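>>> for reference, the sequence and a predicted model appear below.
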Amino acid sequence: MSKIVVLYHSGYGHTRKVAEAIAGTAGAQLMPIDAEGNISEGDWATLAGADAIVFGTPTYMGGVSWQFKKVADASSKPWYAQLWKDKIAAGFTNSATLNGDKQGTMQYLHTLSQQHGMIWVGMGTKAPNHKAATRDDINNLGGYAGLITQTPSDASAEEMVPGDLATARYFGERVKAVVDRWVRSA
């Protein structure tokens, strides 16, 4: 059985809601980064023992939250020991606008994974690009490098677009399928 960890920071609850949807279908362990940008020593050990790490952060000002960045910077210790090498990696982000420069965040998450020698998994499905497409469709925002979602700044986590949460569940299933294949072949 594969071990997947969803390592995420959530400022207002939206990213947490996406993390929960991914973890629910991936059978993953949730690992929140606290408001001070910390995880425990036990969490570092869990990440070292994982088969896959799914990175999640809100997009603030075109990039990852400072709390996520603090953990990413602290990952230089596992980087030095190559503890995450050849693990599966994936990423997701949420912002208040449809664009919100989420691509900058996805590039950061991808680069972090490549610094660690990880194997990146993207969405693996096309976006609905026809006139009948709605926000309730899977991958309705057209993310390919990873999962992107959008929640207006005045909306609660409970008001997230159902299509975004359905896409998060799809993404969890995809990550799990890739990890299971990878673990079986190793």
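Right, received. Where do you want to start? Residues are numbered from 1 along each chain as shown.
>>> so, low pLDDT: which residues of this protein?
Scanning the chain for pLDDT under 70 picks out 1.
>>> which parts of it are strands?
Using DSSP state E, the strands of the chain run over residues 4-8, 29-32, 52-58, 88-95, 119-120, 147-150.
>>> list the contacts for residue 37?
The neighbourhood of residue 37, defined by CB atoms under 8 Å, 6 or more residues apart in numbering, consists of 9, 66, 67, 68, 69, 70, 71. Any C-beta I mention is one placed from the backbone N, CA and C, and that applies to glycine too.
>>> correct me, but the first one touches residue 72?
Same thing as residue 9. No. Between residue 9 and residue 72 there is no contact under CB atoms under 8 Å: 10.1 Å.
>>> just want to know which of the two has more residues nearby.
Using other CB atoms under 10 Å, the more surrounded residue of residue 9 and residue 72 is residue 9, with 26 against 22.
>>> rewinding a little: who touches both of residue 9 and residue 72?
residue 64.
>>> so where's the longest helix in the protein?
Across the chain, the longest stretch assigned as helix under DSSP state H is helix 162-185.
>>> quick one: buried residues of it?
163-176, 178-180, 182 (16 or more other CB atoms under 10 Å).
>>> partner residues bridging residue 54?
Legend: beta-bridge partners of residue 54 under DSSP bridges are residue 6, residue 90.
>>> so it versus residue 175, what's the distance?
From residue 54 across to residue 175, the span is 6 Å (CB to CB, to the nearest Å).
>>> count the residues that sit near residue 153.
That count, for residue 153 with other CB under 10 Å as the rule, works out to 9.
>>> surely it meets residue 94?
No. Residue 153 is beyond contact range of residue 94, at 10.9 Å (criterion: CB under 8 Å).
>>> ends of stretch 34-41, how far apart?
13 Å (CA to CA, to the nearest Å).
>>> same check on stretch 25-39?
Termini of stretch 25-39 sit 24 Å apart (CA to CA).
>>> for the residue lying closest to residue 34 once chain neighbours are set aside, list the residues it contacts.
Counting by CB to CB, 6 or more residues apart in numbering, residue 67 is the residue found nearest to residue 34 once chain neighbours are left out, at 7.4 Å. With contacts defined as CB under 8 Å, 6+ apart, residue 67 is in contact with 9, 11, 33, 34, 35, 36, 37, 57.
>>> if we use 10 Å, what do you get?
Neighbour list for residue 67: 8-11, 32-39, 57-58, 60 [criterion: CB atoms under 10 Å, 6 or more residues apart in numbering].
>>> which one of these is nearest residue 111?
In terms of CB to CB, no member of the contacts of residue 67 lies closer to residue 111 than residue 57, at 13.3 Å.
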